[in-house]
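Novice: Dropping a prediction and its sequence here:
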Amino acid sequence: MPPVRGEHRRAVIRVFLVCWLLYTVFWAPYTMREHFPAITLAEQGTLNVERYLGWTDDIFPGPKKGAFINNNPGASLTGAIPLILLRPVLAKVDSWNRRQARPERPEPGEGEVFWRAVREGRGCYFLLIVFLTTAAVMAPATAGTLAYLCSRLMEAGVPATSASLIAILCGIGTPLLFRAGNLNHNLLVADAGFTALLVLWDAEDRPLTFRRLLSAGLLSGYALLCDYSGVVVIAIAALYTWQRSARKSSRAGALAVFAGGTLAGVAVLLIYQAWAFGSFYHPSQHYMPPSGPTAHGYRGFDWPSPSLAWALLTDPRFGLFAYCPALVLAFASPFPTLIRYKLPARETRLILTYFALFLVFCSANQYSRLQPLTGFRYLVPVVPGLALLAVQAAQVLPRLARRVLAGFSCLQMLLLAASHEIDVRRTLDALWESRFEPLWVIRLAQAGAPTAWIHAAELLASMALIAALFEVVTLLRETAAPAVPRRL
C-alpha cells in the first residue's frame, strides 16, 4: 500500500474510532419517542405503537386504527436495525428482566417513561435498547460522517493530522456530541444532509457523476424520511447540484438523477403515511391533538417568528450559540484573505444559506418552543457546515488562542454530554449533584442491574474515554494549526 494512502486510511479510522467511542461513552439513558416504533418493529413487526399509548404525549391514537408517534418514521426504521439483528439476545434480557424484583422509585421526579418501564419489569431491557441505538446507530452514523469529512479534506490537500483534528473538533467540540448520545431524527438529518453535500463536492470542480448524484439524492430523501425539515436538505443539495452542473451541457439531467435518488425516501414516507393515517400527503402532526404552542398555524407550523429565531440562537436551554459560542466565528469566515486555506465564495454562501433556511424553517415550526424539554436539537443540521467555516475564520487567530478556543469548546461539550443537563448554566451544578457519576450508571442501578455488570461497564467506558482523549491530545500536539481545503 502506498504510504500516503496508508496514512489517509489510518487518519479516517482514527477519526471514526475517537468519535464513536466518545459518543458511546456519553450515551443518554432516555427512551425517546423514536424508540417506540423501533421496539414494536423488532418485537411485533409493526410501526403501530398502540402497546405504548399513554407512555408519552408524543404517541397518539390514529384516525382509524392503532397509535403512532408524531413524526416521520426514518429514525425509528434505522434504530430498529440493531434491535432486529439482536432480537434473540434482547428477548432473553427481556425475559430475565421480567423475573426480577421491581425496584422502588426513590422519589418523584423526571424520568416517567423510565420508571414506567421499571414498574413493568423492563427497566434494564429498555436501557439496553437505548444503548444499542446509540452505539450501533447514532454513534457510528455521526462518526462515519466525520470520518468521511476527514477523507474529503485530505483529498483536497489538507495534511492527514490537520484533517483529523478538524473532523474531531467538528464532532467533539460542537453540539454533535450532545445530540449523538440518543436516538433522534435531527442528528440523522444532519448526518444525511452534510454527507450529501460532501458527496457532491469535488476539490477540482470536476463534473458530477451519476453515482454521486444518485447518492446525494438518496441521502436527501432519507433526511426527509426522518423529518420534514429534510425539505431544506433537498433544496440546498439541489441548489448545489445546479451550481456544480454549470459547466455541463444539461443541468436538467443532473437534477433529474438527483431527484430520482430522493424518490426512495419520499416513497417510503408516503406509503407509511397512507398505511398509518389513510392519507399519502397528510403528515402525522395533522392527526395529533394540538396543545400549547403547536396549536398555532397549521398543526404548529406558522409564520417565522423573530423572537423564536433569536431564542434558537441564544436561549441557554437550547440556543445554538449558547451551546457552542465558537460557531459565531463562522460569520467572519468570508472576510479573512491572508490565510492558508479558504473555501471558495460559492461554498461559503451555500453553507450560510443552509443555515439561514434552517433558521427560518425552525422559527416557523412552533415545536421549536418545546426544546426546553430536550435541549438543543432543531438547528443541529447546520452545525457541521458552520464548524468548517469557524475553523476557517480561526486561522487569523494566534496559535495559542486557537488552542484555547478549541479546548474550551471541547470541554463545554464534554461537560454537557456528561451531565445531560439541558440548560448550559446548570451543567456544573448537575454534575456536582450526581457526584460526577454518569447518568447511565445511576439509571442502571435504579433499574436493578447487577452490580458486577455496572462495574464492568464503568471500566470499559473509562478505558474508551482515556483512549479517545489520548488520541485528541496527540493530534493537538502534532498539528500546528487547523486547516480547511482551498476548494470545497
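Specialist: Cool, the structure landed. For clarity, every value in this text was computed on a predicted model and none was experimentally measured.

Novice: Buried residues, stretch 341-354. List them.
Specialist: Y341, K342, L343, E347, T348, L350, I351, L352, T353, Y354 (16 or more other Cβ atoms under 10 Å). Heads up, the C-betas are built off the backbone N, CA and C, glycines and all.

Novice: what kind of secondary structure is the second one in?
Specialist: Each residue gets one of three states, and K342 gets coil by DSSP: H, G, I helix; E, B strand; the rest coil.

Novice: Return the distance of it relative to V391.
Specialist: 11 Å (Cβ to Cβ, to the nearest Å).

Novice: ditto for the first one
Specialist: Using Cβ to Cβ, Y341 is found at 9 Å from V391.

Novice: ok so, going back, so which of the buried residues of stretch 341-354 are in helices?
Specialist: Among the buried residues of stretch 341-354, the ones falling in helices (DSSP state H) are E347, T348, L350, I351, L352, T353, Y354.

Novice: Of these, which is the nearest to K65?
Specialist: Y354 (38.7 Å; Cβ to Cβ).

Novice: so who does that closest one touch?
Specialist: Residues near Y354 by Cβ atoms under 8 Å, 6 or more residues apart in numbering: G193, V232, I236, P381, V382, G385.

Novice: likewise D58?
Specialist: Per Cβ under 8 Å, 6+ apart, neighbours of D58: R33, I69, N70, N71.

Novice: what's near enough to touch the residue nearest to the spatial centre of the chain?
Specialist: By Cα atoms, centre = their mean, the chain has its centre lying nearest to L187, at 1.9 Å. The contact partners of L187, taken as Cβ under 8 Å, 6+ apart, are M138, A141, T142, L176, R179, A180, R377, V380.

Novice: Select from these the one having the most neighbours.
Specialist: Most neighbours among the contacts of L187, by other Cβ atoms under 10 Å: A180, with 32 neighbours.

Novice: Backbone dihedrals for it, both of them.
Specialist: phi -70, psi -10 (degrees, to the nearest 10).

Novice: What of G375?
Specialist: Dihedral pair for G375: phi 90, psi -180, per degrees, to the nearest 10.

Novice: Skip the chain neighbours and tell me the closest residue to it.
Specialist: I422 (3.9 Å; Cβ to Cβ, 6 or more residues apart in numbering).

Novice: The one you found reaches P372, doesn't it?
Specialist: Yes: between I422 and P372 there is a contact under Cβ atoms under 8 Å: 6.6 Å.

Novice: which of those two has more neighbours?
Specialist: I422 (20 against 13).

Novice: which residues does the more buried one contact?
Specialist: Applying Cβ under 8 Å, 6+ apart to I422 gives the contacts R317, F318, P372, L373, T374, G375.

Novice: Helices along the stretch 101-250 of the chain, start to end?
Specialist: Here the stretch 101-250 of the chain has its helices, by DSSP state H, counting those that start in this stretch, at 112-119, 123-133, 139-155, 160-172, 176-179, 185-200, 210-226, 230-244.

Novice: Can I get the ones you listed in JSON lines including distance to A417?
Specialist: Compiled in JSON lines, those are given as follows (distance: least, Cβ to Cβ, whole Å):
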{"stretch": "helix 112-119", "distance to A417": "19"}
{"stretch": "helix 123-133", "distance to A417": "15"}
{"stretch": "helix 139-155", "distance to A417": "12"}
{"stretch": "helix 160-172", "distance to A417": "9"}
{"stretch": "helix 176-179", "distance to A417": "5"}
{"stretch": "helix 185-200", "distance to A417": "13"}
{"stretch": "helix 210-226", "distance to A417": "22"}
{"stretch": "helix 230-244", "distance to A417": "25"}
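
Novice: Could I get those in a markdown table, plus columns for mean pLDDT and distance to A11?
Specialist: Shown next, in a markdown table, are these (pLDDT from 0 to 100; distance: least, Cβ to Cβ, whole Å):
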| stretch | mean pLDDT | distance to A11 |
| --- | --- | --- |
| helix 112-119 | 92 | 39 |
| helix 123-133 | 97 | 28 |
| helix 139-155 | 96 | 6 |
| helix 160-172 | 93 | 4 |
| helix 176-179 | 96 | 19 |
| helix 185-200 | 97 | 16 |
| helix 210-226 | 97 | 22 |
| helix 230-244 | 96 | 26 |
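
Novice: wait, which of these is closest to R403?
Specialist: Among these, helix 160-172 sits nearest to R403 (Cβ to Cβ), with 10.6 Å.

Novice: The closest one to helix 185-200, inter-axis angle?
Specialist: 150 degrees (axes from the mean of the first three to the mean of the last three Cα atoms, to 10 degrees).

Novice: How about stretch 31-43, which residues are buried there?
Specialist: Neighbour count says stretch 31-43 has 31-43 buried, by 16+ other Cβ under 10 Å.

Novice: And for stretch 400-409?
Specialist: Result for stretch 400-409 [16+ other Cβ under 10 Å]: buried residues R402, L405, A406, S409.

Novice: Check the spacing between the third one and Y281 real quick.
Specialist: When you say that, I think you mean A406. In terms of Cβ to Cβ, A406 sits 46 Å off from Y281.

Novice: just the second one next, same as before
Specialist: Remark: distance between L405 and Y281 (Cβ to Cβ) = 47 Å.

Novice: ditto for W20
Specialist: Taking Cβ to Cβ as the measure, W20 and Y281 are separated by 38 Å.

Novice: Between these two, tell me which one has more neighbours.
Specialist: W20 (24 against 9).

Novice: so what's the more buried one scoring on pLDDT?
Specialist: pLDDT recorded at W20 is 97.

Novice: if I pick it, what's in contact with it?
Specialist: The neighbours of W20, taking Cβ under 8 Å, 6+ apart as the test, are A139, P140, A143.

Novice: Check the burial of the second one by counting its neighbours.
Specialist: Right, P140. P140: 19 neighbours (other Cβ under 10 Å).

Novice: This completes my enquiry, with thanks.
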